[in-house]
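Novice: Sharing a sequence plus its predicted fold:
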There are 2 protein chains.
Amino acid sequence: MEPSTNAYGPAQLVLTASIARRYYVDGRSKVEIADEFQLSRFKVARLLDHARSSGLVRIEISHPGSIDLDLSARLQESLGLRRAIVVDTPEEDPAALRTQLGKAAADLLSEIVTADDVLGLAWARAVTAMTEQLTSLAPVPVVQLTGALTRPDVEANSVELVRHTARLSGGPAYLFYAPLVVPDAATARALRQQPEVAEAISHFESVTKAVVGLGSWTAGQSTLFDAMDEKAREQLHRRGVAADISGVFVSADGEAVQSRVTDRVIAISAAQMAAIDEVIAIPYGMAKVQAVRAAVRSGLVNGLVTHSPLAKALLDETSLASDG
Amino acid sequence: MEPSTNAYGPAQLVLTASIARRYYVDGRSKVEIADEFQLSRFKVARLLDHARSSGLVRIEISHPGSIDLDLSARLQESLGLRRAIVVDTPEEDPAALRTQLGKAAADLLSEIVTADDVLGLAWARAVTAMTEQLTSLAPVPVVQLTGALTRPDVEANSVELVRHTARLSGGPAYLFYAPLVVPDAATARALRQQPEVAEAISHFESVTKAVVGLGSWTAGQSTLFDAMDEKAREQLHRRGVAADISGVFVSADGEAVQSRVTDRVIAISAAQMAAIDEVIAIPYGMAKVQAVRAAVRSGLVNGLVTHSPLAKALLDETSLASDG
DNA sequence: CGCAGGTGTGCTCATATGAGCGGGGAGGCA
DNA sequence: TGCCTCCCCGCTCATATGAGCACACCTGCG
């Protein structure tokens, strides 16, 4: 037998509403309310319970800014994330969206990075957008986590990104000039032994907070995918790769995928990334739903900055899965 | 070394939102929340305080039916009423509005009338509308409080109204055939001595709950006004009559107005009405704002069933804290 | 370098609150 | 009528909560 139905007359309803007002809006205690309405405090408590369970009082969480706090909290909780920031914007243009998410991510980073941290930054357009919006940062070492992919439509590369952030922070920068992916494993090995690259890599294990790129293993949804030869794409696809996290390949069920292609990538390894306390990604666009799920499931990514459509899709997916 | 937390960054906001969810929506205790989030319960309490004071959590009181509970509660509180039911309807057609308010009033009456009560009913279109919607009522005596005004556009009269209600209730009916207003005091005296009238009157003092009509002393806003001769209208107007409560005249400052005209009315007296525990009126239309204020101020009417525009106007008037 | 003011945190203790229990009234049924 | 059952109510007692206090840390100033 559930409550909620109109077994209660209007007088009862209005009484309940009055009490709910006193309690929730005016913040009075139940004892005070009981005195005022000549009821026992138990009756007041029961009426309030009923009011809540029957949906008579509805509590909304909102705030003037662009962040949908309620959605953020639900996403964070639902996916078991350390952080989730959902920006509520009607924006659909990818570049403008990147800027908005970049601002939110920059604010987040300013807030959570303390002097004890070591910050890792991967190359990604979204990460670049974030650093462009960054205005203050505790003085921390900034470590480049991946090589750069230079694309005609993007002038910034991972080196500028790291340098700029380190300058803002006031901490040391560990950066290097190398591409994200090279034609063969031998070249990659050679590159990794270059002094700057080796030094950056040596700092990977001390990184405590990182911001990474997140791609879906599909054309146009991963810079790395787009940069690769057809053979490599196909090989990784056959291995079940659903997402790439700045060069770390992850399958739909959240397992890191090792492959020959992995050896050709100049980037932090899955194990090293797993050791980082907070890894934040900034995904957007509905095409990335499954990639985000894979990345989160892997445990490698535990922070998200995204926009509401993607957040809602993630929540829907999750609740469907748990309903089944 | 703990965070040099920037004023309130997004992470803090989301944390607060999460906690607010847990507390308000899920109804967990602060101690539980503190354990879950690894915070002291004091910190949780402070975050919640902040969330409420900064408007981050907003509490709405609403319910699926047609009654605006929040407005009802506010009206009841603001005017110091025993009951207030505000029906939220866009309806403007008086007849349809009467039906809706009648339904709400009927529900209210069904709820609040117990076997110990004695119900008094005055003649009024709104009261008729209520009785038409009445489907159940505790077995109580039903007492006719006023004579009837027969109008061409209304077929029901106070006798039918009382008889119908008593039949539904199962209790005795004390009713009589007489007009509400007669041409002179002598006729009124004679009528009052008629056995049925006298018996009904003898029950006035035992009435515990009554539903009355409420008119503004203006053309078209009071059936009694419309039924009276110009001389009587004018006399009462000069005496400052702002409202008639089923034949009881009340000035704007809430004083009962005695007049020669009063003697010509076959209805419950001001003193007798004042002795009734609950007197409910069902006013509607913006023209009645001042009449309602007068009636409520007099203390004779302590229950209202009305629609939201009038309720809002009454609240606005009251919050202005000045009268006209 | 030391000191005062401000802020944020967690403590104590009195009070408010929740869970569970038993009493008693209303209504159904023999 | 008498009994039974369900439901509503207010109590007890353990727990949660709020107000105020003390302390640590930061920061600006002499």
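Specialist: Noted; the coordinates are in hand.

Novice: Do a quick rundown of the strands in chain A.
Specialist: A:57-61, A:83-87, A:119-121, A:142-144, A:173-174, A:209-212, A:214-216, A:241-245, A:248-251, A:278-281, A:303-307 (DSSP state E).

Novice: I'd like to know how far residue A:245 sits from residue B:193.
Specialist: As judged by CB to CB, to the nearest Å, residue A:245 and residue B:193 stand 97 Å apart. Glycine gets a C-beta too; all of them are placed from N, C-alpha and C.

Novice: ok, these two, which is more surrounded?
Specialist: Ranked by neighbour count (other CB atoms under 10 Å in any protein chain shown), residue A:245 and residue B:193 place residue A:245 first, with 28 against 10.

Novice: can you pull the contacts of that one?
Specialist: Neighbouring residues of residue A:245 by CB atoms under 8 Å, 6 or more residues apart in numbering or on different chains: A:212-214, A:273, A:279, A:281, A:295, A:298, A:300-301.

Novice: wait, residue A:305 sits on residue A:279?
Specialist: No: at 11.9 Å, residue A:305 does not count as touching residue A:279 under the criterion of CB atoms under 8 Å.

Novice: how about the closest residue to residue A:290 other than its chain neighbours, what does it touch?
Specialist: Residue nearest to residue A:290 in three dimensions, not counting chain neighbours: residue A:242, with 5.7 Å by CB to CB, 6 or more residues apart in numbering or on different chains. Residue A:242 sits next to A:216-217, A:250-252, A:290-291, A:294 when contact means CB under 8 Å, 6+ apart.

Novice: any idea which of these is least confident?
Specialist: pLDDT across these is at its lowest for residue A:217, which sits at 91.

Novice: Output the helix of greatest length in chain A as PDB - backbone C-alpha positions only.
Specialist: Identified as the longest helix of chain A according to DSSP state H is helix A:94-112. Output in PDB follows, covering the C-alpha atoms of helix A:94-112 (Å, rounded to 0.1, in the frame of the first residue of the first chain):
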ATOM      1  CA  PRO A  94      32.200  22.300 -31.300                       C
ATOM      2  CA  ALA A  95      34.700  25.100 -31.000                       C
ATOM      3  CA  ALA A  96      32.400  27.300 -28.900                       C
ATOM      4  CA  LEU A  97      31.500  24.200 -26.800                       C
ATOM      5  CA  ARG A  98      35.200  23.500 -26.300                       C
ATOM      6  CA  THR A  99      35.700  27.000 -25.000                       C
ATOM      7  CA  GLN A 100      32.900  26.700 -22.500                       C
ATOM      8  CA  LEU A 101      34.000  23.400 -21.300                       C
ATOM      9  CA  GLY A 102      37.500  24.600 -21.200                       C
ATOM     10  CA  LYS A 103      36.500  27.400 -18.900                       C
ATOM     11  CA  ALA A 104      34.700  25.100 -16.500                       C
ATOM     12  CA  ALA A 105      37.700  22.700 -16.600                       C
ATOM     13  CA  ALA A 106      40.100  25.500 -16.000                       C
ATOM     14  CA  ASP A 107      38.100  26.700 -13.000                       C
ATOM     15  CA  LEU A 108      38.000  23.100 -11.700                       C
ATOM     16  CA  LEU A 109      41.800  22.800 -12.100                       C
ATOM     17  CA  SER A 110      42.400  26.100 -10.400                       C
ATOM     18  CA  GLU A 111      40.400  24.800  -7.500                       C
ATOM     19  CA  ILE A 112      41.600  21.300  -7.000                       C
END
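
Novice: who does it touch, helix- and strand-wise?
Specialist: strand A:83-87, helix A:125-133, strand A:209-212, strand A:278-281, strand A:303-307, helix B:10-20 (3 or more CB pairs under 8 Å, 6 or more residues apart in numbering or on different chains; DSSP states H and E).

Novice: Of all those, which one is nearest DNA strand D?
Specialist: DNA strand D lies closest to helix B:10-20 among the helices and strands packed on helix A:94-112, at 11.6 Å (CB to the nearest atom of the strand).

Novice: Between helix A:94-112 and the closest one, find me the angle.
Specialist: Angle, helix B:10-20 to helix A:94-112, by axes from the mean of the first three to the mean of the last three CA atoms, to 10 degrees: 80 degrees.

Novice: Compile the helices and strands packed on helix A:94-112 into CSV and extend it with columns for distance to DNA strand D.
Specialist: Shown next, in CSV, are the helices and strands packed on helix A:94-112 (distance: least, CB to the nearest atom of the strand, whole Å):
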stretch, distance to DNA strand D
strand A:83-87, 24
helix A:125-133, 24
strand A:209-212, 20
strand A:278-281, 22
strand A:303-307, 26
helix B:10-20, 12
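
Novice: Take these and write them to JSON lines, including mean neighbour count and mean pLDDT.
Specialist: As requested, these are exported to JSON lines (neighbours: other CB atoms under 10 Å in any protein chain shown; pLDDT from 0 to 100):
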{"stretch": "strand A:83-87", "mean neighbour count": "27", "mean pLDDT": "95"}
{"stretch": "helix A:125-133", "mean neighbour count": "22", "mean pLDDT": "93"}
{"stretch": "strand A:209-212", "mean neighbour count": "27", "mean pLDDT": "96"}
{"stretch": "strand A:278-281", "mean neighbour count": "27", "mean pLDDT": "97"}
{"stretch": "strand A:303-307", "mean neighbour count": "28", "mean pLDDT": "97"}
{"stretch": "helix B:10-20", "mean neighbour count": "23", "mean pLDDT": "90"}
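
Novice: and of these, who's closest to DNA strand C?
Specialist: helix B:10-20 (9.7 Å).

Novice: angle of the closest one against strand A:303-307?
Specialist: Going by the same axes, to 10 degrees, helix B:10-20 is angled at 90 degrees with respect to strand A:303-307.

Novice: quick revisit: now render the helices and strands packed on helix A:94-112 as a markdown table, adding distance to residue A:172.
Specialist: Output for those, formatted as a markdown table (distance: least, CB to CB, whole Å):
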| stretch | distance to residue A:172 |
| --- | --- |
| strand A:83-87 | 25 |
| helix A:125-133 | 16 |
| strand A:209-212 | 16 |
| strand A:278-281 | 20 |
| strand A:303-307 | 24 |
| helix B:10-20 | 25 |
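
Novice: which residues touch stretch A:165-177?
Specialist: With CB under 8 Å, 6+ apart, stretch A:165-177 has contacts from A:119, A:121, A:131, A:134-144, A:147-148, A:158-159, A:162-163, A:194, A:196-197, A:199-200, A:203.
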